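Novice: Here is my input, please return the structure:
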Amino acid sequence: MKKCAPFFLSAVMLFGLAATISVTQAAEKNVIFFITDDESPTLGCYGDKIAQTPNIDALASDGLIFTHAFATTASCSASRSVVLSGLHNHYNGQYGHQHHFHKFTSFPAVIALALPRAMTRAGYRTAQIGKYHVAPEDVFHFENYLPGNGRNAVSMADNAKGFITDKADERPFFLYFATTDPHRGGGVDQGSKMKLKPNLFGNKPERQSWAGVNEVFYNPANVPIPHFLSDTTETREELAQYYQSVSRIDQGLGRLVEILKAADLYDKTMIIFTSDHGMAFSGGKTTTYEGGLQVPFVVRNPYAKQRGQTTTAMISHIDITPSILDFASGLDGETNGPKKTMDWRGYYKDKGISRLDNLNGGHKFDRYHGKSWMSVVADPSKSHWDTIFASHTFHEIQMYYPMRVVRDREYKLIWNIAAGLPYPFASDLWAASSWQAQFEKGMNAPYGQRTVGEYINRPKFELFNISKDPHEKHNLAADPKYRELLDKYKAKLKAQQKLMNDPWIMKWEYE
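Specialist: Presented below is the predicted three-dimensional model:
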């Protein structure tokens, strides 16, 4: 027995070492996907001089800033369905809002590509906290649903701590962290002296604070005015409220980083920070103008050698799911789908769900529309897309106004398929003091780069030299000198629609 003791002890030590290695490896390559609600790139790291966002700025200084990141649609549910599927919403079936009477859902067959499902098959434990806003749950299923008030990202981070630091499950983690800030909500600021009072954007009235948050209050006189808004007192008051909400988000990110560092996980976790689309002002949210589609996008990959960089590579929200899956070693580079596939037909047959329930809308769900940008994270000098495509159909169910967009580095074409109808407003944007102040002045009143009337009544085509006219002020579509160029971009748009299997391509012939 004594002769066997050294071998026995060695075996025990090796077993213990293997167990330690297993635990260490299990904690590697975690992912936190942090998505906000209606936020433009109004952050210090994007050059905003008044935004107090030290935590996202610190993350960016050790990560990668994408300056040309775009949502595919500036509508909450539709955009999130794209984020979580890697497919345009006209293809995945979630054309508009999921909640209440709107009741849009993605096709059940999307389960084969849905991010949380694919990450589970790739060996990850998954959790969601905050805003969900997609359907069906069976398609976008997370193993854990954590409680959290989307207006307080600090408390959300604290509620996620147990999941992040869980050592009982050796799998790496994927956390989908979704704030409700800085979406409009919470009523109006009754303390305003204006007749049209600003929305609170989730802030507590009378300069109160959310628990655990050191609220940052902004002076309306100091806020910068985005190019798509008018410089009015009403606009400034609303922007001050918006910025306060943005700073609250930043503190939540800071708390998450604290939790990761305390658990020795910060350098084992990729953090992605973005928004579903641009800020909730007319000219931003629900439009396909730059103010609606351009989003903040910061990635800190602790395994990347090049850090503290900025890239002009053009990326789209369709790229998020394949990129995260690529990081998790779960993306098949040849098929551009998950390595571990799922038989969605067999899955629903076993559940007793009939094929007559229109499970796939006639589409194939075997590959993503987007492609991984992980190579750009590794080398920020690389390019990504030469051309991006945007697809909007609904926001609220009452707001049918399909728009399609093709954009490259030089030009951008918007096709307003429902041109001739007045542009429909989201209920919260219609009520906004920043809009109503100008609307009350009449159709000729200025609103951003346009008049009120021009904003409401849009032409069929809007063509912009986006490289020289980034504020989209001069529509070239009606100018005879640009007829050939317009035809060229119409052809590009049709090609993108065909590539992305857009049912609205038929409108070229029937309207």
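Novice: Now do the helices in the stretch 1-150 of the chain.
Specialist: Residue ranges of the helices in the stretch 1-150 of the chain, as given by DSSP state H, counting those that start in this stretch, are 5-26, 54-61, 76-83, 89-92, 115-121.
Novice: next one: phi and psi at the residue nearest to Asp408 when sequence neighbours are not counted?
Specialist: Residue nearest to Asp408 in three dimensions, not counting chain neighbours: Thr387, with 4.6 Å by Cβ to Cβ, 6 or more residues apart in numbering. All C-beta spots, glycine's among them, are computed from the backbone N, C-alpha and C. Backbone torsions for Thr387, taken as degrees, to the nearest 10, come to phi -140, psi 140.
Novice: what about Thr387, neighbour count?
Specialist: Neighbours of Thr387 under the rule other Cβ atoms under 10 Å: 15.
Novice: check contacts around it.
Specialist: Listed by Cβ atoms under 8 Å, 6 or more residues apart in numbering, the contact set of Thr387 reads Val406, Arg407, Asp408, Lys492, Gln496.
Novice: Of the residues you listed, just the buried ones, ChimeraX syntax please.
Specialist: Buried residues among those (16 or more other Cβ atoms under 10 Å), as a ChimeraX selection:
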select :406,407,408,492,496
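Novice: Which one of the contacts of Thr387 is nearest to Asn199?
Specialist: Closest approach between these and Asn199, by Cβ to Cβ: Arg407, at 30.0 Å.
Novice: What's the separation between the nearest residue to that closest one once chain neighbours are set aside and Thr72?
Specialist: Nearest residue to Arg407 in three dimensions, chain neighbours excluded: Ile388, at 5.3 Å (Cβ to Cβ, 6+ apart). Going from Ile388 to Thr72 by Cβ to Cβ, to the nearest Å gives 8 Å.
Novice: Looking at the two, which one has more neighbours?
Specialist: Thr72 (29 against 23).
Novice: still on that earlier bit, so for Ile388 and Thr72, which residues contact both of them?
Specialist: Contact with both Ile388 and Thr72 is made by residues Ser316, according to Cβ under 8 Å, 6+ apart.
Novice: So which residues of the stretch 401-511 of the chain form strands?
Specialist: In the stretch 401-511 of the chain, the strands defined using DSSP state E, counting those that start in this stretch lie at 403-407, 412-416, 446-447, 450-451, 461-464.
Novice: Please name whichever of those strands is nearest to Leu175.
Specialist: Between Leu175 and the strands of the stretch 401-511 of the chain, the shortest separation by Cβ to Cβ is 31.4 Å, and it involves strand 403-407.
Novice: Strand 412-416 and the closest one, what's the angle between them?
Specialist: Between the axes of strand 403-407 and strand 412-416, defined by axes from the mean of the first three to the mean of the last three Cα atoms, to 10 degrees, the angle is 170 degrees.
Novice: Give me the longest helix you can find in this structure.
Specialist: Ranked by residue count and defined by DSSP state H, the top helix of the chain is helix 233-262.
Novice: what helices or strands is that one leaning on?
Specialist: Packing contacts for helix 233-262, counted by 3 or more Cβ pairs under 8 Å, 6 or more residues apart in numbering; DSSP states H and E, involve strand 30-36, helix 54-61, helix 153-164, strand 269-275, helix 433-439.
Novice: export these to a markdown table and tack on mean pLDDT, mean neighbour count and distance to Met399?
Specialist: Listed next are the helices and strands packed on helix 233-262 as a markdown table, based on pLDDT from 0 to 100; neighbours: other Cβ atoms under 10 Å; distance: least, Cβ to Cβ, whole Å:
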| stretch | mean pLDDT | mean neighbour count | distance to Met399 |
| --- | --- | --- | --- |
| strand 30-36 | 98 | 24 | 22 |
| helix 54-61 | 98 | 20 | 31 |
| helix 153-164 | 98 | 21 | 29 |
| strand 269-275 | 98 | 24 | 20 |
| helix 433-439 | 98 | 21 | 15 |
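Novice: I'd like the ones you listed laid out as TSV, including distance to Gly291.
Specialist: What follows is those, written out as TSV (distance: least, Cβ to Cβ, whole Å):
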stretch	distance to Gly291
strand 30-36	16
helix 54-61	20
helix 153-164	24
strand 269-275	12
helix 433-439	13
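Novice: Kindly state which of these is positioned closest to Ala109.
Specialist: Across the helices and strands packed on helix 233-262, Ala109 has its closest neighbour in strand 30-36 (23.1 Å, Cβ to Cβ).
Novice: got a list of what the residue nearest to Phe389 when sequence neighbours are not counted touches?
Specialist: Once flanking residues are discounted, Phe389 sits nearest to Gln496: 4.2 Å by Cβ to Cβ, 6+ apart. Contact analysis of Gln496 by Cβ under 8 Å, 6+ apart lists Thr387, Phe389, Val406, Asp502.
Novice: On the three-state scheme, the second one is what?
Specialist: For Phe389, the assignment made with DSSP: H, G, I helix; E, B strand; the rest coil gives strand.
Novice: hang on, isn't it packed against His88?
Specialist: Yes: judged on Cβ atoms under 8 Å, Phe389 makes contact with His88 at a distance of 7.3 Å.
Novice: overlap in contacts of those two?
Specialist: Thr72, Met500.
Novice: quick one on the thing from earlier: ok, of the contacts of Thr387, which one's closest to Asn30?
Specialist: Taking Cβ to Cβ as the measure, Asn30 lies nearest Arg407 of these, at 33.5 Å.
Novice: The closest one against Asp386, yeah?
Specialist: No: contact between Arg407 and Asp386 fails when scored by Cβ under 8 Å: they sit 10.2 Å apart.
Novice: Just the terminal-to-terminal distance for stretch 426-439.
Specialist: End-to-end span of stretch 426-439 (Cα to Cα, to the nearest Å): 15 Å.
Novice: Give the residue spans of the protein that score low on pLDDT.
Specialist: Across the chain, the ranges flagged by pLDDT under 70 are 1-26.
Novice: Pick out the residue closest to the middle of it.
Specialist: Asp276 (2.9 Å; Cα atoms, centre = their mean).
Novice: Tell me how far the closest residue to that one other than its chain neighbours lies from Arg409.
Specialist: Nearest-residue entry for Asp276: Ser79, 4.2 Å, with adjacent residues in sequence omitted and distances by Cβ to Cβ, 6+ apart. Distance, Ser79 to Arg409, by Cβ to Cβ: 23 Å.
Novice: Settle it for me: which of those two has more neighbours?
Specialist: Neighbour count, other Cβ under 10 Å: between Ser79 and Arg409, Ser79 has more, with 26 against 13.
Novice: was I right about the more buried one contacting Thr72?
Specialist: Yes: shown here, Ser79 and Thr72 form a contact pair, counting by Cβ under 8 Å, at 6.9 Å.
Novice: Identify the contacts common to those two.
Specialist: Asn89, His317.
Novice: Quick one: residues contacting the residue nearest to Asp276.
Specialist: If you count contacts by Cβ under 8 Å, 6+ apart, then Ser79 has Ala71, Thr72, Thr73, Asn89, Asp276, His277, His317 around it.
Novice: which one of these sits closest to Thr235?
Specialist: Taking the contacts of Ser79 together and measuring to Thr235 by Cβ to Cβ, the closest member is His277, at 19.2 Å.
Novice: Surely the closest one is in contact with Ala71?
Specialist: Yes: here His277 reaches Ala71: they are 4.2 Å apart, a contact under Cβ under 8 Å.
Novice: which residues are common contacts for the two?
Specialist: Residues touching both His277 and Ala71 (Cβ under 8 Å, 6+ apart): Ser79, Gly292, Leu293, Val295.
Novice: Count the residues that sit near the third one.
Specialist: This points to Leu293. By other Cβ under 10 Å, the residues close to Leu293 number 26.
Novice: Relative to Gln128, how far out is Asn159?
Specialist: Here Asn159 is placed at a distance of 12 Å from Gln128 (Cβ to Cβ).
Novice: what residues are shared contacts of those two?
Specialist: Shared contacts of Asn159 and Gln128, defined by Cβ under 8 Å, 6+ apart, comprise Leu146.
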